[in-house]
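Peer 1: The sequence and its predicted three-dimensional model are supplied below.
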Amino acid sequence: MNWRAAGVIGLGTAVTAAAIWAFSGVSVAGVRSFYIPSETMEPTLEKGDHFIAAMSRPKELQRGQLVLIRTSGGDIYVKRLAALPGDTIALAKGIVSINGQPVQREAAGRRRVAYPYLPATEAFLFREQFPGEQVPHLIQDLGPSSEDDMAEVTMPPGRVFALGDNRDNSADSRVPKFMGGLELVPIEDVVGRPLFFTWPAKKMGSSVEGPSR
């Protein structure tokens, strides 16, 4: 898998005044525009999507939240929080377990995908709901992969575990830093959260988290 291509988000181009200024490197009223250059967060965020983000850490971190994570190299990733300090997390055949309990997951259809590093194939969609998450989110599964299984990890104080929604193509907390991943994320590296889409037109103005969040 092309792990390095799967995760970083870039400063976005302009569709609103705030987005224009953010693109020029200025944070306007604590917001900034970003675009998605990879498939790491499909189906929630598609390659080419633009969104406005609040550039401040949520007051209370919750499982299932989408957040922006700044790496030591200065890149910013968008990922979904899966485990909080004190939680245990493990994966078995792609199923996430939090604190010893498998996370609820149900089939949600299929979609055709094609990436430069992978022949066209059919991806499976699932609705997944972490403990405490009000509504499920969608994830994408490309089939068996080495990241489908992970021994249980206990989250230390001040650390969170983040996953990409495109589970077989995401440089997230399952992946070591020397391979471009995040490992366990210090809370201070959570620097913001996506708010609403500014492109494409069909998504413009809608919440990145979905209408029920």
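Peer 2: Nice, I can see it.

Peer 1: Spatially nearest residue to Leu138, not counting backbone neighbours?
Peer 2: Nearest residue to Leu138, sequence neighbours excluded (C-beta to C-beta, 6 or more residues apart in numbering): Pro43, at 5.1 Å. Just so you know, the C-beta spots here come from the backbone N, C-alpha and C atoms, and that holds for glycine as well.

Peer 1: My error: substitute Thr154 in the last question.
Peer 2: Counting by C-beta to C-beta, 6+ apart, the nearest residue to Thr154 once its immediate chain neighbours are dropped is Thr88, at 5.0 Å.

Peer 1: Contacts only, for the one you found.
Peer 2: Counting by C-beta atoms under 8 Å, 6 or more residues apart in numbering, Thr88 touches Ser97, Ile98, Asn99, Gly100, Glu152, Val153, Thr154, Met155.

Peer 1: Repeat the analysis, applying 6 Å as the threshold.
Peer 2: Thr88 makes contact with Asn99, Glu152, Thr154 under the criterion C-beta atoms under 6 Å, 6 or more residues apart in numbering.

Peer 1: Likewise for Glu122?
Peer 2: Arg110, Arg112.

Peer 1: What score does the residue nearest to Thr154 have for pLDDT?
Peer 2: Note on Thr88: pLDDT of 98.

Peer 1: likewise Arg213?
Peer 2: On pLDDT, Arg213 comes in at 47.

Peer 1: quick one on the thing from earlier: since we're on the residue nearest to Leu138, how many residues are nearby?
Peer 2: 18 (other C-beta atoms under 10 Å).
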